[in-house]
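1. compute the structure for the input listed below.
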Amino acid sequence: MKRRLSADEIKSVELDILFEFDRICTEHGLTYLLAYGTCLGAIRHNGFIPWDDDIDVCMPRDDYEKLYALFERGIETPYKLVSHRDGSSIYQFLKLVDPATESYETFTGKAHPIGLWVDIFPLERVDPSSEQFGRLMKKHERIGLKRSFAVADSSVASTPAIKAVKKIVCPIARALFDVADLNRKLEENALAVTRETGVDTSAPIEQGWVCDVIGGTRAIDASLLFPPRKASFEGRELPVPKKAEAYLEAMYGDWRALPPEDQRHLHFPEAYAIEKE
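-> Residues are numbered from 1 along each chain as shown. Reported below is the predicted structural model:
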């Protein structure tokens, strides 16, 4: 039996997942930080951006792999870590999900239900001045584009023209490409960036550059991120980039200015609580 969740209920579930994630990381000495719109929400709103529900966190690759290993060995928590590695997810990055819920992302539609989640992105140590960095980022974009068309819901688009293109391209992409194989290639390419750009991984992470290859291809001065500081997020002190304001400016420009009301697009998935009969 399923019950449709309201926007406030969705936020409450996701907040519980985030707080449990923070508990696990704190208990096991894992470094993470609130990222993207979640960081923006923490610094500008002390919590969620009012018209958004996304929760994104980033972790250095080493801590990301330690988190995965913890769940592989078994850890006491009501939540599940899903991954393309074991076929439990269609995504190329980790998600911590609530198995007592079911939701549908607008982008992928109802073909791929998933519990409400927190997105977890690995940060790779990179040398953005290396020729290999540019080559690997272009390769990543090519693979990522194939994957996007292969998983996209062709009935959803921002304009009629894009919808028409998706109606043609998405079925072809699904026939030609294996999403699991594309996810594997994306992760392999992300892992190759540190190795092939010749980064000295013995140096402190804050002395170099990092890149969330999975979520984008922008290299970030790691001294903006590490060591993290704390900021308030919905009543809890959670880690954010050390120089969060500079990080947000690099990501969004004038992040302090609120967008016009007609651009505050609601971003809530269709979600349900799975209730026992």
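2. phi, psi for the residue most central in space within the chain please.
-> With the centre of the chain defined as its mean C-alpha position, the nearest residue by C-alpha atoms, centre = their mean is Asp119, 3.7 Å away. For Asp119, the backbone dihedrals are phi -80, psi 140 (criterion: degrees, to the nearest 10).
3. which non-adjacent residue is nearest it?
-> Counting by C-beta to C-beta, 6 or more residues apart in numbering, Asp119 lies nearest to Asp56, which is 4.8 Å off, once chain neighbours are set aside. Placement of C-beta: from N, CA and C, glycine included.
4. per-residue pLDDT of the one you found, please?
-> Listed pLDDT for Asp56 reads 96.
5. list the contacts of it.
-> With contact set as C-beta atoms under 8 Å, 6 or more residues apart in numbering, Asp56 has these partners: Leu34, Ala35, Tyr36, Gly37, Thr38, Val118, Asp119, Phe121, Gly215.
6. the helix or strand hosting Val57: partners in the sheet, and parallel or antiparallel?
-> Using DSSP states H and E, the element containing Val57 is strand 56-60. Note on strand 56-60: by DSSP bridges, its sheet partners are strand 33-34 (antiparallel), strand 117-126 (parallel).
7. just the CA coordinates for stretch 42-61, please, in PDB.
-> As requested, the backbone C-alpha atoms of stretch 42-61 are provided in PDB (Å, rounded to 0.1, in the frame of the first residue of the first chain):
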ATOM      1  CA  ALA A  42      22.900  26.100   3.900                       C
ATOM      2  CA  ILE A  43      24.700  29.400   3.300                       C
ATOM      3  CA  ARG A  44      21.800  31.500   2.000                       C
ATOM      4  CA  HIS A  45      18.800  29.900   3.700                       C
ATOM      5  CA  ASN A  46      20.300  27.900   6.600                       C
ATOM      6  CA  GLY A  47      18.600  24.800   5.100                       C
ATOM      7  CA  PHE A  48      16.800  23.800   1.900                       C
ATOM      8  CA  ILE A  49      16.400  26.300  -0.900                       C
ATOM      9  CA  PRO A  50      12.600  26.800  -0.300                       C
ATOM     10  CA  TRP A  51      11.600  25.700  -3.800                       C
ATOM     11  CA  ASP A  52      14.000  22.800  -4.000                       C
ATOM     12  CA  ASP A  53      14.500  19.400  -2.200                       C
ATOM     13  CA  ASP A  54      17.700  18.100  -3.700                       C
ATOM     14  CA  ILE A  55      20.400  17.000  -1.300                       C
ATOM     15  CA  ASP A  56      23.900  16.700  -2.800                       C
ATOM     16  CA  VAL A  57      27.100  15.800  -1.000                       C
ATOM     17  CA  CYS A  58      30.700  15.400  -2.200                       C
ATOM     18  CA  MET A  59      33.400  13.100  -0.700                       C
ATOM     19  CA  PRO A  60      37.100  12.700  -1.600                       C
ATOM     20  CA  ARG A  61      37.400   9.500  -3.600                       C
END
